[in-house]
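Visitor: how would this look folded up:
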Amino acid sequence: MSIYFPHTKVDIEEMLKACKAKSLEDLYVDVPKDLFVKELNIPSGKTQQEVLRQFEEMSDKNVVYKTILKGAGSYNHYIPPVVKALTSKAEFVTAYTPYQAEMSQGILKSFFEYQTMICNLLEMDVSNASVYSGASAAAEAAIMCIERKRTKVIVANKIKPDTLKTIKTYTDGHGEVVVLESENGKVDIQSLEKELADDVACVYLEQPNYFGSIEDAKAVGDMLATKGIKFVMGVNPIAMAILKSPRECGADIAVGEGQPLGMPLSFGGPYLGFMACLEKEVRRMPGRIVGKTTDAEGKDAYVLTLQAREQHIRRERALSNICSNQALCALTATIYLAALGKEGLKDVANACVDLAHYFAKKLKDAGVNVLDKGEFFHEFVTSTKARARDVLKALKEEGILGGHLLNNDEILWCTTEMVDKKDLDKAVEIIAKFA
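Guide: Numbering: from 1, shown residues only. Model prediction:
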């Protein structure tokens with residue numbers, strides 16, 4: 001067995017000499033004796049071989065699903081091998097976000113490429129270099145919109161629970177959050193219009209929404225434009241390859257969770273939040289923004305710009321406490337988008353739509369109640385006469401991770417390009433027994 005000590009005996013002797021102490025115990029003479037721990041209540045050390053065997057035994061307990069039919073915010077997409085091959089390079093893997101003093105032109109350029117791709121995908125003017133998650137991106141967008149006389153944030157329809165909690169947390173003390181829900185699972189334009197008073201700062205709408213339904217975001221955007229209220233759209237980045245962009249829908253700010261862009265599920269993280277806005281909103285955008293200019297020799301140069309963060313200006317004037325970004329995750333998204341290209345991303349989105357509609361039709365044909373909440377992207381809801389937990393348990397026994405449990409009899413299902421029709425046929429056969 002080997003033991004690693006960070007300080008050698010010589011190091012310790014030199015330190016004690018500088019402190020004018022005879023032993024390490026002399027450094028703690030002011031600490032009451034009863035606070036010292038005589039013996040640590042931890043197991044004795046193990047060899048590397050023993051530790052490896054213990055981890056292997058633990059990993060054998062993991063359940064590996066052959067088919068995943070669960071989404072609700074984290075999605076199982078195919079990741080081209082080039083993504084991990086490049087993001088694993090030592091030049092990119094850092095313990096934390098590189099700060100300006102450490103930033104090379106290569107790192108800055110990768111951020112700039114990421115920003116450019118996000119702007120192209122969403123058809124917006126400016127993107128930052130990412131934030132912590134889709135939930136924090138939505139919350140930061142709400143803060144961007146709140147003003148002295150406009151403090152109310154309206155959340156239109158059902159959104160992801162963690163996003164709603166984060167928006168409420170961020171805006172606490174700044175304003176009020178009002179959640180408008182509808183019976184049919186899609187935003188009610190007339191009900192929304194009744195809430196649009198002079199104190200409303202913005203409306204936040206997810207596209208697709210939490211139930212997977214495609215909202216009439218264009219109608220919402222047009223209505224808000226006439227009333228001078230800002231429109232924040234939370235979007236699925238894969239869906240943006242085939243749905244109307246935030247700009248087409250009249251959004252002022254577009255946000256979302258970037259996990260589908262090349263990041264594995266990884267038990268919930270790390271992921272990244274993307275943010276983009278119209279040029280008129282750029283000075284209120286939090287986080288880092290990389291700009292492109294030329295140096296004294298006329299060569300391309302990349303710099304951090306418009307850094308309205310608490311680290312760089314007086315704390316009370318900072319627009320945000322976001323002082324970092326998900327650098328490696330943003331690079332992952334950049335490489336993923338570059339590897340697929342515009343048409344490749346469309347192919348992924350279309351595969352998701354086709355498989356989801358195939359799955360829903362098969363379930364309907366088998367007598368399962370598919371709740372009609374309008375047109376959907378790759379998620380939809382079913383209800384069963386049996387307990388939903390029993391349905392999911394039966395699927396698990398066949399190596400299938402079922403959908404997300406909404407309540408006792410409703411399940412939110414999701415399909416991506418990672419499943420095929422024979423997988424779905426098998427799942428339908430099991431689910432139909434509980435219809």
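Visitor: contacts for stretch 372-385?
Guide: Residues outside stretch 372-385 that contact it (CB atoms under 8 Å, 6 or more residues apart in numbering) are 71-72, 184-186, 208, 211-214, 236, 239, 243, 349, 352-353, 355-357, 360, 363, 368-371, 391, 403, 406, 409-416, 431, 434-435. For the C-beta atoms, the positions are set from N, CA and C on the backbone; glycine is no exception.
Visitor: now the residues you listed: which count as buried?
Guide: Neighbour counting by 16 or more other CB atoms under 10 Å classes 71-72, 185-186, 208, 211-214, 236, 239, 243, 349, 352-353, 355-357, 360, 363, 368, 370-371, 391, 403, 406, 409-416, 431, 434-435 among the contacts of stretch 372-385 as buried.
Visitor: before we move on, back to that, in strands, which of the contacts of stretch 372-385 fall?
Guide: If you go by DSSP state E, those have 369, 370, 410, 411, 412, 413, 414 in strands.
Visitor: and those, which two are furthest apart?
Guide: The most widely separated members of these, counting by CB to CB, are 369 and 414 (17.7 Å).
Visitor: residue 335 should be in a helix, yeah?
Guide: Yes. Residue 335: assigned to a helix according to DSSP: H, G, I helix; E, B strand; the rest coil.
Visitor: contacting residues for it?
Guide: Applying CB under 8 Å, 6+ apart to residue 335 gives the contacts 82, 83, 86, 87, 262.
Visitor: what of residue 407?
Guide: Counted by CB under 8 Å, 6+ apart, residue 407 has contacts residue 388.
Visitor: how about the one 5 residues further on?
Guide: Counting by CB under 8 Å, 6+ apart, residue 412 makes contact with 71, 72, 210, 211, 212, 379, 380, 381, 403, 404, 406.
Visitor: where does pLDDT dip in the stretch 51-200 of the chain?
Guide: 94-103 (pLDDT under 70).
Visitor: all strands for it, in order.
Guide: Secondary structure of the stretch 51-200 of the chain (DSSP state E, counting those that start in this stretch): strands at 67-68, 126-127, 152-156, 176-180, 200-207.
Visitor: among these, which comes closest to residue 285?
Guide: That would be, of the strands of the stretch 51-200 of the chain and by CB to CB, strand 126-127, which comes in at 6.7 Å.
Visitor: which helices and strands does that closest one pack with?
Guide: Judged by 3 or more CB pairs under 8 Å, 6 or more residues apart in numbering; DSSP states H and E, strand 126-127 is in contact with helix 105-122, strand 273-277.
Visitor: immediately after the shortest one, which helix or strand?
Guide: Moving toward the C-terminus from strand 273-277, the next helix or strand (DSSP states H and E) is strand 289-294.
Visitor: from the contact counts, what lies against that next one?
Guide: Here strand 289-294 touches helix 105-122, strand 300-305, going by 3+ CB pairs under 8 Å, 6+ apart.
Visitor: got the ones you listed as TSV, with distance to residue 10 and mean neighbour count columns?
Guide: Shown next, in TSV, are those (distance: least, CB to CB, whole Å; neighbours: other CB atoms under 10 Å):
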stretch	distance to residue 10	mean neighbour count
helix 105-122	38	20
strand 300-305	43	15
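Visitor: quick check: domain ranges of this protein?
Guide: Following automatic domain parsing, the chain resolves into domains at 67-77+343-434, 81-337.
Visitor: what about these, which gets the closest to residue 7?
Guide: Among the domains of the chain, the nearest to residue 7 by CB to CB is domain 81-337 (21.6 Å).
Visitor: circling back to that earlier point, possible to save the helices and strands packed on strand 289-294 as JSON lines with distance to residue 53?
Guide: What follows is the helices and strands packed on strand 289-294, written out as JSON lines (distance: least, CB to CB, whole Å):
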{"stretch": "helix 105-122", "distance to residue 53": "39"}
{"stretch": "strand 300-305", "distance to residue 53": "47"}
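Visitor: stretch 152-170: which residues count as buried?
Guide: Buried-residue list, stretch 152-170, by 16+ other CB under 10 Å: 152-160, 162-164, 166-168, 170.
Visitor: got it, and stretch 388-397?
Guide: So, applying 16+ other CB under 10 Å, buried residues of stretch 388-397: 388, 391, 392, 394, 395.
Visitor: what ranges do the helices span in the stretch 151-300 of the chain?
Guide: Per DSSP state H, counting those that start in this stretch, the stretch 151-300 of the chain carries helices over the ranges 161-171, 189-194, 217-227.
Visitor: actually the stretch 1-150 of the chain, not the one I typed
Guide: In the stretch 1-150 of the chain, the helices defined using DSSP H, counting those that start in this stretch lie at 9-19, 48-59, 81-87, 105-122, 134-145.
Visitor: how distant is the shortest one from the center of its chain?
Guide: The chain centroid and the centroid of helix 81-87 are separated by 20 Å under CA atoms, centre = their mean, to the nearest Å.
Visitor: tell me which other helices or strands it touches.
Guide: helix 327-365.
Visitor: average pLDDT for the helix it packs on?
Guide: Average pLDDT, helix 327-365: 96.
Visitor: chain center to it, what's the gap?
Guide: Worked out by CA atoms, centre = their mean, helix 327-365 lies 16 Å from the chain centre.
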